[in-house]
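In: One predicted model, sequence on top.
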Amino acid sequence: MKNSSREQVLKTAFEQHLPEWFALVRRAMPWRVNRTPYRVWVAEIMLQQTRADQAAPYYRRFVRTFPSVRALARASLRDVLKAWEGMGYYARARNMHKTAQHLMNTRGGRFPRTYEELKQLPGIGSYTAAAIGSLAMNLDVAVVDGNVIRVLSRVFGVDEPVDTAAGRRIIQGFAESLLPAGRAAEFNEAMMELGALCCTPRDPRCEKCPLSAVCRACGLGRSTEYPRKRRRKAVPHKVVGAGVIMDRRGRVLIAQRRTQDMLGGLWEFPGGKKEPEETMPECITRELREELGIEVKVGELVTVVHHAYSHFTMELHAHRGRVVKGRPRAIECADCAWVLPDELREYPMGRADQHIVAALLQEDAG
Ligand code: SF4
């Protein structure tokens with residue numbers, strides 16, 4: 001195909017077939033109604049690590065609890081983390097809270113109206129700025145998320161790995177050159193929806209795709225070979241011990257993680273990584289001595305939780321125990337508290353610790 005006629009076919013595919021397809025399949029999502037910069041921002045932060053159908057109920061709850069920048073800025077960090085509970089990647093919630101306070105302090109809670117200014121807000125990178133700018137303000141900026149990367153790498157058969165700066169530049173260039181002026185909101189959303197519903201990672205439905213006539217990877221029968229990625233290193237595996245320490249009144253000891261640590265601000269059953277030569281009771285005993293300054297006697301196993309984070313996998317062994325010496329004080333944590341099992345759910349916790357709470361409450365009920 002000559003260059004000029006390929007350009008024409010590309011234009012027709014992206015500017016005509018894609019919007020027609022999108023009008024037919026567009027899913028009703030809570031962030032697609034009443035689209036304000038604040039609501040788009042919350043949605044985009046949630047959707048960075050979570051699938052749309054999974055994020056929808058969390059989104060509804062979050063914007064009901066904090067309907068504006070002002071409400072989010074005024075809330076306590078604990079309430080924000082609680083509303084975020086279950087979504088994972090809690091740094092997102094902490095950063096949103098900080099950004100909301102910054103917006104209140106510097107701009108009366110209003111978002112700036114240009115892409116450049118949006119990008120300069122703390123905690124808002126170029127991707128989120130593009131999403132807020134295009135979806136809520138219809139600014140002519142291309143949104144390039146994982147779905148868009150997959151679609152464009154396939155349509156253009158991009159051989160450069162997309163997780164390199166060079167690969168990202170190529171994809172960004174395609175996205176910008178295809179963006180129809182004045183229609184950024186519709187275009188960006190249609191591209192993201194295509195990646196989510198049709199051009200899926202393992203099972204693309206090329207026969208139903210509005211771009212199939214122009215797609216290089218599909219034409220070669222090699223759709224799933226794109227996007228190209230660099231070879232990944234093996235993900236480390238950690239074995240971790242946690243103490244479910246109870247006192248005579250039936251209260252459980254929990255600790256709050258330091259803000260600067262992973263899952264900062266969340267509460268957990270105290271413990272830490274097992275050293276190779278230790279038994280699990282030895283690990284829990286040492287960790288609680290270091291973290292809380294107490295000596296404990298470790299008892300029976302409550303549960304083992306397997307959990308995958310983005311950069312490691314974890315096997316968490318939770319054991320019951322009791323304090324034999326000392327009073328807990330926050331040495332290597334932000335705070336600690338004795339809490340009745342029924343009250344544990346009031347404390348924001350990561351998913352692995354929520355599993356321990358569930359196992360504990362189930363045991364107590366049984
Ligand atoms: S034709 Fe297939 S591989 Fe190409 S964009 Fe469409 S779904 Fe993806």
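Out: Thanks, I have the structure now.

In: quick one: pLDDT of the one residue sitting closest to the centre of the chain?
Out: By CA atoms, centre = their mean, the chain has its centre lying nearest to residue 49, at 3.0 Å. We have a pLDDT of 80 for residue 49.

In: That one touches residue 90, doesn't it?
Out: No. Counting by CB atoms under 8 Å, residue 49 does not reach residue 90; the two are 10.7 Å apart. For glycine as for every other residue, the C-beta is placed from the backbone atoms N, C-alpha and C.

In: Confirm that the residue nearest to the centre of the chain sits in a helix.
Out: No. Using DSSP: H, G, I helix; E, B strand; the rest coil, the assignment for residue 49 is coil, not a helix.

In: okay, now the residue nearest to it when sequence neighbours are not counted: neighbour count?
Out: Of all residues not flanking residue 49 in the chain, residue 89 sits nearest, at 4.8 Å (CB to CB, 6 or more residues apart in numbering). Close neighbours of residue 89, defined as other CB atoms under 10 Å, add up to 17.

In: One more: the one 4 residues further on?
Out: Using other CB under 10 Å, the number of residues around residue 93 comes to 25.

In: which SSE is it in?
Out: helix 91-107 (DSSP states H and E).

In: what packs against the helix or strand following that helix?
Out: Following helix 91-107 in sequence order, the next helix or strand is helix 115-120 (DSSP H and E). For helix 115-120, the packing partners by 3 or more CB pairs under 8 Å, 6 or more residues apart in numbering; DSSP states H and E come out as helix 126-131.

In: Beyond the helix it packs on, next helix or strand please.
Out: helix 137.

In: Please compute how far that following helix lies from its chain's middle.
Out: Computed by CA atoms, centre = their mean, to the nearest Å, the separation of helix 137 from the middle of its chain amounts to 24 Å.

In: separation between the closest residue to residue 154 other than its chain neighbours and the ligand?
Out: Nearest residue to residue 154, sequence neighbours excluded (CB to CB, 6+ apart): residue 217, at 3.9 Å. Distance from residue 217 to the ligand, counting by CB to the nearest ligand atom, to the nearest Å: 5 Å.

In: for residue 217, what are its contacts?
Out: Contacts for residue 217 (CB atoms under 8 Å, 6 or more residues apart in numbering) come out as 153, 154, 155, 157, 223, 225, 226.

In: quick one: which two of the residues you listed are the most distant?
Out: Maximum pairwise distance among the contacts of residue 217 (CB to CB): 13.5 Å, between 155 and 225.

In: Of the two, which one has the most company?
Out: residue 155 (25 against 13).

In: Skipping adjacent residues, who's closest to the more buried one in space?
Out: Using CB to CB, 6+ apart and skipping the chain neighbours, the partner closest in space to residue 155 is residue 215 (4.8 Å).

In: count of neighbours near the one you found?
Out: 22.

In: Wait, it touches residue 209, no?
Out: Yes. At 7.0 Å, residue 215 counts as touching residue 209 under the criterion of CB under 8 Å.

In: For the stretch 201-350 of the chain, list the residues in contact with the ligand, please.
Out: Residues of the stretch 201-350 of the chain lying near the ligand by CB under 6 Å from any ligand atom: 204, 205, 206, 209, 211, 212, 215, 217, 218, 223.

In: Pull out the buried members of those.
Out: 204, 206, 209, 211, 212, 215, 217, 218, 223 (16 or more other CB atoms under 10 Å).

In: can I get those in CSV with distance to residue 196, pLDDT and secondary structure?
Out: Output for those, formatted as CSV (distance: CB to CB, whole Å; pLDDT from 0 to 100; DSSP: H, G, I helix; E, B strand; the rest coil):
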residue, distance to residue 196, pLDDT, secondary structure
204, 12, 96, coil
206, 15, 97, helix
209, 13, 97, coil
211, 14, 97, coil
212, 17, 96, helix
215, 17, 96, coil
217, 18, 97, helix
218, 17, 96, helix
223, 16, 96, helix
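
In: Put together TSV for the residues you listed, with distance to residue 115 on each row.
Out: Output for those, formatted as TSV (distance: CB to CB, whole Å):
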residue	distance to residue 115
204	31
206	33
209	29
211	26
212	32
215	29
217	30
218	32
223	32
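
In: Could you list the low-confidence segments of the stretch 1-150 of the chain?
Out: Within the stretch 1-150 of the chain, the segments meeting pLDDT under 70 span 1-4.

In: count of residues packed around the residue in it that the ligand sits nearest to?
Out: Closest approach of the stretch 1-150 of the chain to the ligand (CB to the nearest ligand atom) occurs at residue 150, with a separation of 7.3 Å. For residue 150, the count of nearby residues is 24 (other CB under 10 Å).

In: I'm done for today, thanks for sticking with me.
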